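Visitor: using only what follows, build the 3D model:
(one chain, ligands or ions: 2)
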Amino acid sequence: MTAIRYEHIKTCKQTGARLGIVHTPHGSFETPAFMPVGTQATVKTMSPEELKAMEAGIILSNTYHLWLRPGHDIVKEAGGLHKFMNWDRPILTDSGGFQVFSLSKFRTIEEEGVHFRHHLNGSKLFLSPEKATEIQNALGADIMMAFDECPPYPATYDYMKASVERTSRWAERCLNAHQRPHDQALFGIVQGGEFEALRKQSAKDLISMDFPGYAIGGLSVGESKEVMNEVLEFTTPLLPEDKPRYLMGVGSPRSLIDGAIRGVDMFDCVLPTRIARNGTLMTSKGRLVVRNAAYKRDYGPLDENCTCYTCQNYSRAYIHHLIRADETFGLRLTSYHNLHFLLNMMKQVREAIRQDRLGDFRDEFFEQYGFNKP
Ligand SMILES: CNc1nc2c(CC[C@H]3O[C@@H](OC)[C@H](O)[C@@H]3OC)c3nc(N)[nH]c(=O)c3cc2[nH]1
Ligand SMILES: [Zn+2]
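Guide: Numbers count the residues shown, from 1 in each chain. Ligands and ions are numbered 1, 2, ... in the order given. Have a look, this model is predicted:
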């Protein structure tokens, strides 16, 4: 019995996007879903109560970072990640593969695993499918990811083919090493870059191992929006309809909507909290940089169409002041708004699917957000 189950509710007649529910041991969440990222066991500056108030259904944490600090053994001794961070809803952890390739230098990839340097103190480290699985079993997230190589972009066909074949062998090793302490669900990660034949090979290999869910990896690594959409168009149909599909590291409002239209169920991205920390806000009229002098005497809300705690209680002038004064409360207010904005946008996406009009919603949203401006 796998720990998670995907319940398909309906498919949008206008676009092919799907409305669903993912059931996990720590509760269920509706899809398409945006998953706030809490890399170091916290969604930066937000409390679990605030995340619940904005209806976050599932959050992420990161294996690579928690392994290095505080150590997965400490999280396990503390009762696991849910207890440690006081979050009793679903959690997903990545396998750490991406951080090895994006954060550390001097790495060498071998069949056994990856040798690399600690990105802070330069000490020698080694991650393998078995090690990444052991760490995630200790953390205890409801959904864990197979250890994969997220290849550099762009990559040659030959490099990508060898990488896909190794990632498939690594996926098998993760399955064999998975102790299922709380019957955690292990997702396979489809690779293959922009090569359709390799995406097909990767999907075929992983589907033969019968994972309870599948991620689409190797995207949001510098490719254009057009390439991402093209890869999604020939990759999501390869995946089983009765399993969740997770597009890793995505993303912006546009990418979430375009991904949902192409059959993706789950998304994660650090963008909303990362840009919030330098005072950039996502609003219904496009981006707003609240630290700009223009807002010094602007006493209205960040976004007059927003119902969030920040927009109900504080003005642009006040938040402008806090950000300029480097006050931590300013980061909390901007993070709260951006997370609420994306979570609320996904609620509107799910409603548009219910009404078979996600294509119309896309056009309206892009117009209002200013995406159609030349
Ligand atoms: C940003 N673009 C992007 N991120 C990506 C991540 C990290 C997400 C993870 O990294 C942290 O955010 C950077 C989050 O903690 C997230 O956790 C799941 C990926 N992870 C794996 N294992 N394989 C991939 O192919 C992959 C591709 C990505 N593209
Ligand atoms: Zn708001």
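Visitor: okay, which residue is most central for the protein?
Guide: D268 (1.6 Å; C-alpha atoms, centre = their mean).
Visitor: so what's that one bridging to?
Guide: Beta bridges link D268 to M35 when assigned by DSSP bridges.
Visitor: ok, it - contacts?
Guide: F34, M35, P36, V37, L60, L92, Y246, M248, G249, V250 (C-beta atoms under 8 Å, 6 or more residues apart in numbering). All C-beta spots, glycine's among them, are computed from the backbone N, C-alpha and C.
Visitor: dump these to JSON lines, plus distance to ligand 1, pLDDT and neighbour count.
Guide: Below are those laid out as JSON lines (distance: C-beta to the nearest ligand atom, whole Å; pLDDT from 0 to 100; neighbours: other C-beta atoms under 10 Å):
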{"residue": "F34", "distance to ligand 1": "13", "pLDDT": "98", "neighbour count": "28"}
{"residue": "M35", "distance to ligand 1": "8", "pLDDT": "98", "neighbour count": "24"}
{"residue": "P36", "distance to ligand 1": "10", "pLDDT": "98", "neighbour count": "24"}
{"residue": "V37", "distance to ligand 1": "5", "pLDDT": "97", "neighbour count": "23"}
{"residue": "L60", "distance to ligand 1": "5", "pLDDT": "97", "neighbour count": "23"}
{"residue": "L92", "distance to ligand 1": "6", "pLDDT": "98", "neighbour count": "25"}
{"residue": "Y246", "distance to ligand 1": "9", "pLDDT": "98", "neighbour count": "26"}
{"residue": "M248", "distance to ligand 1": "4", "pLDDT": "97", "neighbour count": "25"}
{"residue": "G249", "distance to ligand 1": "2", "pLDDT": "96", "neighbour count": "22"}
{"residue": "V250", "distance to ligand 1": "7", "pLDDT": "96", "neighbour count": "23"}
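Visitor: ok, which stretches of the stretch 201-350 of the chain are helices?
Guide: Taking DSSP state H, counting those that start in this stretch as the criterion, the stretch 201-350 of the chain contains helices spanning 225-235, 253-261, 271-276, 309-313, 316-324, 328-354.
Visitor: and ligand 1, which of those helices is closest to it?
Guide: Checking the helices of the stretch 201-350 of the chain against ligand 1 by C-beta to the nearest ligand atom gives helix 271-276 as the closest, at 8.4 Å.
Visitor: buried residues, that closest one. List them.
Guide: Neighbour-count burial for helix 271-276, with 16 or more other C-beta atoms under 10 Å as criterion, is recorded at L271, P272, T273, I275, A276.
Visitor: tell me the spacing between T235 and R262.
Guide: Counting by C-beta to C-beta, to the nearest Å, the gap between T235 and R262 amounts to 9 Å.
Visitor: ok, now F29?
Guide: 20 Å.
Visitor: circling back to that earlier point, would you list the helices of the stretch 201-350 of the chain in CSV and tack on mean pLDDT?
Guide: As requested, the helices of the stretch 201-350 of the chain are exported to CSV (pLDDT from 0 to 100):
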stretch, mean pLDDT
helix 225-235, 97
helix 253-261, 97
helix 271-276, 95
helix 309-313, 98
helix 316-324, 98
helix 328-354, 98
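Visitor: understood, closing this out.
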